[in-house]
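Asker: let's see this in three dimensions:
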Amino acid sequence: MSRPATAGLQRTVLSSSPCSPSATCSSSDEGCWHEVESAHRCRSRPFERADTRKSSAYPVDVPSSDRLCPKIREAEAVVQTILYYKTDKLTFGSSQLSPGQTGAVDKGHPNSHEVFFCARGTVLLMCGDKYYEMHEGDAVLVPPSEPHQLTNIGSEIALVTWSLAPSEN
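Answerer: Below you'll find the predicted structure:
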């Protein structure tokens, strides 16, 4: 199976920092969207690194009607959501928490599993009556209807990505 042509497609992120000279910017008051030149490869512990030479994964253009970014989630202190994509099948986002910051309790999702992945920093994930200390590279699966909450227990800004499927209406 051949990979589809990806020329001209953009992978986008919301940046809270000024655009780099190589970025294509369409800035707004919330930040700016800019093209990402290469995919970020994370060190994933406890998972093995994916062999991209054998992968059928490729960048895809997300229609602008499906981009619901930026979105800010309210909490004891504001947790900034950097990416937020939603379709009828999947919701994906990434959030930053400052040191000591705690997000709001999410009541859970009755028909959806949610995965949290700690991309940077150290966070404590409260999931029901259990607590998980997550370091860079750790992932936790939250079952349907399970209340959960994140707290940054590290000394640096934490970056956590999360995804739930199927999406809620």
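Asker: please make it C-alpha for all contacts and neighbour counts, starting now.
Answerer: OK.
Asker: tell me the contacts of M134?
Answerer: If you count contacts by CA atoms under 8 Å, 6 or more residues apart in numbering, M134 has them with C118, T122, V123, L124, L125.
Asker: which one (most neighbours) among these?
Answerer: If you count neighbours using other CA atoms under 10 Å, the busiest of those is V123, which has 27 neighbours.
Asker: elements contacting the helix or strand containing I82?
Answerer: I82 is located in strand 79-86, with elements delineated by DSSP states H and E. Applying 3 or more CA pairs under 8 Å, 6 or more residues apart in numbering; DSSP states H and E, we find strand 79-86 packed against strand 12-15, strand 71-73, strand 91-97.
Asker: still on that earlier bit, export the contacts of M134 to JSON lines and append columns for distance to T161 and secondary structure.
Answerer: Shown next, in JSON lines, are the contacts of M134 (distance: CA to CA, whole Å; DSSP: H, G, I helix; E, B strand; the rest coil):
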{"residue": "C118", "distance to T161": "7", "secondary structure": "strand"}
{"residue": "T122", "distance to T161": "13", "secondary structure": "strand"}
{"residue": "V123", "distance to T161": "12", "secondary structure": "strand"}
{"residue": "L124", "distance to T161": "14", "secondary structure": "strand"}
{"residue": "L125", "distance to T161": "13", "secondary structure": "strand"}
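Asker: what's the closest of the residues you listed to W162?
Answerer: Set against W162, the nearest of the contacts of M134 by CA to CA is C118 (8.8 Å).
Asker: is that closest one bridged to anything, and to what?
Answerer: In this structure, C118 bridges to V160 when assessed by DSSP bridges.
Asker: for it, give me its contacts.
Answerer: M134, H135, E136, G137, D138, A139, A158, L159, V160, T161.
Asker: so the fourth one versus S167, what's the distance?
Answerer: Plainly put, G137 is 24 Å away from S167 if you go by CA to CA, to the nearest Å.
Asker: try the fifth one
Answerer: Distance of D138 to S167, computed by CA to CA: 23 Å.
Asker: what about the two, which has more around it?
Answerer: The residue with more neighbours, out of D138 and S167, is D138; 21 against 18, by other CA under 10 Å.
Asker: now that one: phi and psi?
Answerer: Dihedral pair for D138: phi -90, psi 150, per degrees, to the nearest 10.
Asker: so the strand holding I82 versus strand 91-97, what angle?
Answerer: Interaxial angle, strand 79-86 versus strand 91-97 (axes from the mean of the first three to the mean of the last three CA atoms, to 10 degrees): 170 degrees.
Asker: I'd say E146 and H109 touch.
Answerer: Yes - between E146 and H109 a contact is recorded at 7.1 Å, counting by CA atoms under 8 Å.
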